[in-house]
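Asker: this one's sequence-less:
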């Protein structure tokens, strides 16, 4: 606590910007900042769904909360005064134009084992392997796997895809995941992002939210993945304002 106060005084900070109101260390910075009379802001770092229990949502302890988009604003209003919330993004779309050569595919890792959801993690990896084998039979030959920073349970996905480093996010052309916020992020880079929507994850439908394409995990899933990759279409994404502009305007 003394160190936080010392740093804020030395840097002559005017605003404390955190990425969580739940994490204990972020809460400490927010609390000390408020006691010193500084403005406090939290920038949302992960997507919540309508099914997220109210008691694990962000808390109303900052002067301004920057939500990822309007859909997240509606959820966060359950805990935070709506007058404090601003949206970083608005809905938009880009044209996906398939390449003449098979695109590079990246499967997005998720850390469900961290929450004891080992069977769900096994399901997700099995679906990725099934998709990889199917696409390989249709001429695709470059597959990657982007692990979540907290992920420990890779199972046998590495037998079917090369590990992708965070600095190489621009290498793949197509990203496939289940409930990862990374799908939303890469779609802003005009990458074709596809959510395999499965009720077991408790995630909302990302296409309804305007984040990316969504495909139900059912008997038509494989063919729909291939069709989405091979055909030109308008793909939804969230266009973000500059964070600096949002903070200054707040």
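Answerer: Sure thing, it's come through. Please read these numbers as outputs of a predicted model, since none were measured by experiment.

Asker: flag the shaky bits of the chain, pLDDT-wise.
Answerer: Residues of the chain that meet the criterion pLDDT under 70 lie in 248-250.

Asker: can you get me the start-to-end distance on stretch 197-207?
Answerer: 10 Å (CA to CA, to the nearest Å).

Asker: quick check, central residue of this structure?
Answerer: residue 181 (0.9 Å; CA atoms, centre = their mean).

Asker: got the contact list for that residue?
Answerer: The contact partners of residue 181, taken as CB atoms under 8 Å, 6 or more residues apart in numbering, are 45-47. Any C-beta I mention is one placed from the backbone N, CA and C, and that applies to glycine too.

Asker: who's in contact with the longest helix seen in the chain?
Answerer: The residue-count maximum for a helix in the chain (DSSP state H) belongs to helix 118-136. With contact meaning CB under 8 Å, 6+ apart, helix 118-136 is reached by 105, 107, 110, 112-113, 143, 145, 153-157, 160-161, 176, 178, 196, 198, 200-201, 217, 221-222, 225-226, 229.

Asker: at 7 Å what do you get?
Answerer: With CB atoms under 7 Å, 6 or more residues apart in numbering as the contact definition, helix 118-136 has outside contacts at 105, 107, 110, 112-113, 143, 153, 155, 157, 160-161, 176, 178, 196, 200-201, 217, 222, 225-226.

Asker: helices along the protein, start to end?
Answerer: Ranges of helices in the chain, per DSSP H, are 2-11, 24-35, 70-76, 118-136, 182-187, 206-209, 221-230, 243-249.

Asker: okay, those, which one's buried deepest?
Answerer: Scoring these by mean neighbour count under mean count of other CB atoms under 10 Å gives helix 182-187 as the most buried, with a mean of 23.
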